[in-house]
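**Q** got a structure for you, letters missing:
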């Protein structure tokens, strides 16, 4: 789809995207590049990264990759430093790396629980920590300009509760908390804006394919108020808004991009019956009022 943003909205910016080799992270990388940014992507699988950068370069995007695991502090530090060494600066950090799988709590080992938190929440914080000196106002390579931008990819799992995803729900709740705390403290001290995006069901992503069956996907579609799947493009457009000057007064927010599904509850009663019930209640109320004797004060 055609972007609603000007093609130079991120001109001159440098972005580092974890999990940028596939899925939502790749589409964010692609759209950032198409709108003027130079992009470094980070991930654990060299083959995936090489293929992603090949596609980005073929579309005229200045992109490179670095192998690394966000769970390892030394990898986070190396990738951030390598990005700045290559491009001379860092303006935008996108934390899109994530881990998830379906399991009931009684079948989830503490180590499995910890692994997901290490990727999603600890990894997010570690990348932010390592990027701080380059993102802050007046940071290395930035000059006296305002600080940079951090975007954390979250989820809506923890807004209520989600079956078989206690580990991911806990991890994303922590990510949202990190977003708010850093927005307060680093916004105040360093003029860094920190925001999040909580995607809903996005078609053609591992999250949907790996965590659902064909039947559950049909049921999910029925529950989305606007009756369509989200696309990776939708998340990338939200990221463009938050990373650019279009969102320059947005700080500490996690924007839900899910078609309204997290608000959804079964109707229970068909709309036609609601009207009949309402009329019946009104009629009974009028009859009851008419039957009451006049009272005197």
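**A** Arrived safely. What you see is a predicted model; the values in this text were computed from it and never measured.
**Q** Model confidence score at the closest residue to residue 113 other than its chain neighbours, please.
**A** Sequence neighbours aside, residue 167 is the residue nearest to residue 113 in space, at 4.7 Å (criterion: Cβ to Cβ, 6 or more residues apart in numbering). The C-beta positions use only the backbone N, C-alpha and C, and glycine is treated the same way. If you check residue 167, the pLDDT there is 95.
**Q** Residue 167: what secondary structure?
**A** Classification of residue 167 using DSSP: H, G, I helix; E, B strand; the rest coil returns helix.
**Q** Could you do residue 195 as well?
**A** Strictly by three-state DSSP, residue 195 counts as strand.
**Q** Okay, the closest residue to it other than its chain neighbours and residue 77: tell me how far apart.
**A** Using Cβ to Cβ, 6+ apart and skipping residues adjacent in sequence, the residue nearest residue 195 is residue 242, 4.8 Å away. Residue 242 sits 25 Å away from residue 77, going by Cβ to Cβ, to the nearest Å.
**Q** what about the two, which has more around it?
**A** residue 242 (24 against 16; other Cβ atoms under 10 Å).
**Q** Please identify which helix or strand holds that one.
**A** Assigned by DSSP states H and E, residue 242 belongs to helix 232-243.
**Q** mean confidence score for that helix?
**A** 97.
**Q** Show me what that helix is packed against.
**A** helix 23-34, strand 92-95, strand 149-153, strand 193-199, strand 254-257 (3 or more Cβ pairs under 8 Å, 6 or more residues apart in numbering; DSSP states H and E).
**Q** Out of those, which one sits most buried?
**A** Comparing the helices and strands packed on helix 232-243 by mean neighbour count (mean count of other Cβ atoms under 10 Å), strand 92-95 ranks first with a mean of 28.
**Q** which residue ranges form the helices in the stretch 151-297 of the chain?
**A** With DSSP state H, counting those that start in this stretch, the ranges of helices along the stretch 151-297 of the chain come out as 166-190, 206-210, 214-223, 232-243, 271-291.
**Q** With the stretch 1-150 of the chain instead?
**A** Using DSSP H, counting those that start in this stretch, helices in the stretch 1-150 of the chain cover 23-34, 46-58, 73-87, 110-117, 123-135.
**Q** Point out the most buried one among those.
**A** Comparing the helices of the stretch 1-150 of the chain by mean count of other Cβ under 10 Å gives helix 23-34 as most buried, with a mean of 25.
**Q** report the angle between the axes of that helix and strand 149-153?
**A** 150 degrees (axes from the mean of the first three to the mean of the last three Cα atoms, to 10 degrees).
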